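Student: take this sequence and fold it.
(chains A, B, C and D)
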There are 2 protein chains.
Amino acid sequence: MRNTAVRLDKVPEPPGCSVLGNAPLSDPPAEGVRVRRPTLHAVAARAGVSKSSVSRVINGEPTVAPEIRQIVMAAVTELGYVPNGAARNLVTQKTNTIAIIVSDPPAGLVSDDPMFAMVVRAASRELEAAGKQVALVLAGSDESRRRVEQYLAAGHVDGAMLVSMDGSDPLPAVLARTGLPVVSHGRLATPGLMPYVDNDNLGGATKAVQHLLDQGRQRIATISGPLDMQAAQERLNAYRQALKDTGRRSIVALGDFTRISGAEAMRQLLDDDPQLDAVFAANDLMAIGALRTLREAGRRVPEDVAVVGFDDIEAALYTAPPLTTVRSPMGEQAARTVRLLLELLANGSADSVILPTEIVIRESA
Amino acid sequence: MRNTAVRLDKVPEPPGCSVLGNAPLSDPPAEGVRVRRPTLHAVAARAGVSKSSVSRVINGEPTVAPEIRQIVMAAVTELGYVPNGAARNLVTQKTNTIAIIVSDPPAGLVSDDPMFAMVVRAASRELEAAGKQVALVLAGSDESRRRVEQYLAAGHVDGAMLVSMDGSDPLPAVLARTGLPVVSHGRLATPGLMPYVDNDNLGGATKAVQHLLDQGRQRIATISGPLDMQAAQERLNAYRQALKDTGRRSIVALGDFTRISGAEAMRQLLDDDPQLDAVFAANDLMAIGALRTLREAGRRVPEDVAVVGFDDIEAALYTAPPLTTVRSPMGEQAARTVRLLLELLANGSADSVILPTEIVIRESA
DNA sequence: CTGAAAGCGCTTACAG
DNA sequence: CTGAAAGCGCTTACAG
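Tutor: Model (predicted):
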């Protein structure tokens, strides 16, 4: 039985917890008092030079006499000066920050997809390496889309990278019309709105089905992703085309890229065609769900039914049996993908990039 | 064989891709020309009132005559005016944004941990619901820690939520001395630096071991997480204490919370004590790794060896057999956890919160 | 209830 | 190479 009544214990903390054994840069703030940080003006006064000179030193301009630079640096260190970001942004008209905008459906369907984490993490790393800050924006509802537009229009960021999971999403058009540089992680349903980087989904799915065909599998089914997602569409199309080329008929069940949907779709597939001997799941998460259903139904994998996934997430190595799948370069090489995207953003380029996929053969097929 | 030579196809995009069928709010920007957005001044001129009045309307102040409000709103809509964020931040001395700071080791050990995604996602949602923006900051290296400190000192955010995975991390102390309000997702090694919310790791791990004991298991091993992480420490301590209470000896292997480390630790455990009949893995990811090793070694679960995990991530439902585990409220109720954290942040409270855990019994033990 | 003025903390031509 | 001045786009006392 699951215990739903939840205790919540308050653990009082000893009062007056100040920094323990860490020498602060400047005077430690008095309890509860929000200290006003030193300004450029204060540094200039301390150093006995003009604000202009301090500014130049701070920004590393070469046209500063060494002696001035030195005295300014001393004052900066002494006062613990850090330039105010808002003031800088205001005058320079740039923010040095890029938004990562994730189209996050309220239903949270893709919530456990490791792809999300990989992309966000890789983007953060690359952006940080490039000296940029990242604003993370989740945009699910109409309301939040409006907020995103306002946010961009307010000049909070210099550009944005869209991670859209839903092809029918109006977000791309909203972003495109802000006039800011925008790129997309994954191809969009509406072409031409912005450049993108994407997997070669068509090629990858074709390889998956071909592998099954090469094994002599006769009745090859597929579990598709949600059809409002571009990647799902392409993978399904490739499956259909490959079967058609060999005169076979398609056996399709619909999932939504989650494990549970894969399990359910597999159940339906088994009902529809008890004779099927292979399944191509449009992502690994659904393949994992399908494996569970097959296990429960007493079908052996790969003897009775072969299973191929797509993405090659880490979990694919730990299924029983280990999963044969298509390696997605956007997952496997998330850093590289993001770097490409940031290049597109910087260049203002309109050229998109498609990354080649490869099949990874393990034991499930 | 893995194909390492990677093609990369350039897909040229048709030139001149403008917004398709979406009526922009204002005039569409000319190709390549970065339009200067209208300012408060422009709105005031258009409406024939003072800037003060426009500002009041924009900020929803009640002391504005209805007619003025109306005419201002008309001008705002007509010009597509959105207040400049930097200017606002500068004058109000607040940013309306909260930083989520993730202590992200360069090694990327925890890279695939679904906990990361859950926390970040939940935090983003709650923050957005509260009308706040979120700055995502990854802090792994010394260098990046310095950058974080600068970033906070620059006044870019009003507060920060730390998601630290590493107890020996100097980051918390760095954050604490900025003087900004900070809270921690998870207890820190150094107490008193900031309030936190955490799982009842001790209680949870005790329940896990007790369950194994209740089953009459005799030789109960554990796979610990990295000991510089607070949660790993606590779970290991609970295991030790529970065994000690029954006069049993501890059998410990060290992992780092990843699947692969769980698989390796299990191998070592099997070497060390081939007779063991139960394993408590300090998280589900390592339990998944352990299951693979046990399968490869021909041990049946749970007949030969019982396995219990910790966290109850979604994948725990899909292992073979399904994993008995301890439900972590920080994962299961990520939204609530984050809400608590944000309350702490807002209140400036120094009270921490510990959330109770419960065991979820499935088939692996 | 409204407006003129000061000022938030910077950067950047412009003289010198 | 340096400094005085203007100005980025807002908000906020302060008079009226």
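
Student: in which helix or strand would I find the spatially most central residue of chain A?
Tutor: Closest residue to the average C-alpha location of chain A: A:V119 at 2.9 Å, with CA atoms, centre = their mean. A:V119 belongs to helix A:114-129 when assigned by DSSP states H and E.

Student: does chain B sit close to that helix?
Tutor: Yes - for helix A:114-129, a contact with chain B is found by CB under 8 Å from any CB of the partner chain, at A:114, A:116-118, A:120-121, A:124-125, A:128. Every C-beta, even on glycine, is put in place using the N, C-alpha and C of the backbone.

Student: how about the residues of the stretch 51-200 of chain A near DNA strand D?
Tutor: Selection of the stretch 51-200 of chain A residues close to DNA strand D by CB under 7 Å from any atom of the strand yields A:51-53, A:56, A:62-65, A:67-68, A:87, A:90-91, A:93.

Student: distance from the centroid: which residue in chain A tops it?
Tutor: Centroid-distance maximum for chain A: A:G48 at 48.6 Å, with CA atoms, centre = their mean.

Student: A:E296: neighbour count?
Tutor: 12 (other CB atoms under 10 Å in any protein chain shown).

Student: what separation do you get for it and B:D304?
Tutor: Distance check for A:E296 against B:D304: by CB to CB, to the nearest Å, it reads 22 Å.

Student: about what we covered before: top of the residues of helix A:114-129 next to chain B by number of neighbours, please.
Tutor: Across those, the neighbour count under other CB under 10 Å reaches its highest value at A:V120, namely 27 neighbours.

Student: identify the residues contacting the closest residue to it other than its chain neighbours.
Tutor: Among residues not flanking A:V120 along the chain, A:I100 sits closest, at 6.2 Å (CB to CB, 6 or more residues apart in numbering or on different chains). A:I100 makes contact with A:119-120, A:123-124, A:134-137, A:160-161, A:163, B:136, according to CB atoms under 8 Å, 6 or more residues apart in numbering or on different chains.

Student: now with 10 Å?
Tutor: Counting by CB atoms under 10 Å, 6 or more residues apart in numbering or on different chains, A:I100 touches A:119-120, A:123-124, A:127, A:134-138, A:157, A:160-163, A:185, A:338, B:136.

Student: who are the packing partners of the helix or strand hosting A:K244?
Tutor: Using DSSP H and E, A:K244 maps to helix A:230-245. Applying 3 or more CB pairs under 10 Å, 6 or more residues apart in numbering or on different chains; DSSP states H and E, one finds that helix A:230-245 makes contact with strand A:196-199, helix A:201-214, strand A:220-224, strand A:251-254, strand A:278-281.

Student: just the mean pLDDT for the longest one, thanks.
Tutor: The reference is to helix A:201-214. In this model, helix A:201-214 carries a mean pLDDT of 97.

Student: pLDDT weak spots in chain A?
Tutor: Applying pLDDT under 70 to chain A picks out residues A:1-35, A:105-112, A:165, A:167.

Student: tell me where it has strands.
Tutor: For chain A, the strands defined by DSSP state E cover A:9-11, A:97-102, A:133-138, A:159-163, A:182-185, A:196-199, A:220-224, A:251-254, A:278-281, A:306-308, A:325-327, A:352-355, A:358-360.

Student: could I get those in TSV, plus columns for distance to B:P38?
Tutor: Output for the strands of chain A, formatted as TSV (distance: least, CB to CB, whole Å):
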stretch	distance to B:P38
strand A:9-11	50
strand A:97-102	22
strand A:133-138	23
strand A:159-163	21
strand A:182-185	21
strand A:196-199	31
strand A:220-224	46
strand A:251-254	47
strand A:278-281	51
strand A:306-308	55
strand A:325-327	49
strand A:352-355	33
strand A:358-360	51
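
Student: most tightly packed of the ones you listed?
Tutor: Most buried of those by mean neighbour count (mean count of other CB atoms under 10 Å in any protein chain shown) is strand A:278-281; its value is a mean of 30.

Student: list the strands paired with it, with their directions.
Tutor: Sheet pairing here is set by DSSP bridges, and for strand A:278-281 it gives strand A:220-224 (parallel), strand A:306-308 (parallel).

Student: so which of these is nearest DNA strand C?
Tutor: Ranking these by proximity to DNA strand C (CB to the nearest atom of the strand) places strand A:220-224 first, at 51.6 Å.

Student: how many degrees apart are that closest one and helix A:230-245 in direction?
Tutor: Relative orientation of strand A:220-224 versus helix A:230-245 (axes from the mean of the first three to the mean of the last three CA atoms, to 10 degrees): 160 degrees.

Student: centre of the chain to strand A:220-224, how far?
Tutor: 26 Å (CA atoms, centre = their mean, to the nearest Å).

Student: next, the angle helix A:201-214 makes with it.
Tutor: 150 degrees.

Student: would JSON lines of the residues of helix A:114-129 next to chain B with distance to B:I260 be doable?
Tutor: JSON lines is the format used below for the residues of helix A:114-129 next to chain B (distance: CB to CB, whole Å):
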{"residue": "A:P114", "distance to B:I260": "15"}
{"residue": "A:F116", "distance to B:I260": "21"}
{"residue": "A:A117", "distance to B:I260": "17"}
{"residue": "A:M118", "distance to B:I260": "17"}
{"residue": "A:V120", "distance to B:I260": "22"}
{"residue": "A:R121", "distance to B:I260": "18"}
{"residue": "A:S124", "distance to B:I260": "23"}
{"residue": "A:R125", "distance to B:I260": "21"}
{"residue": "A:E128", "distance to B:I260": "26"}
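
Student: and which of these is nearest A:Y81?
Tutor: Using CB to CB, A:E128 comes nearest to A:Y81 of the residues of helix A:114-129 next to chain B, at 22.7 Å.

Student: quick one: the residue farthest from the centre of chain A from A:E67, how far?
Tutor: Taken as CB to CB, the span from A:G48 to A:E67 is 12 Å.
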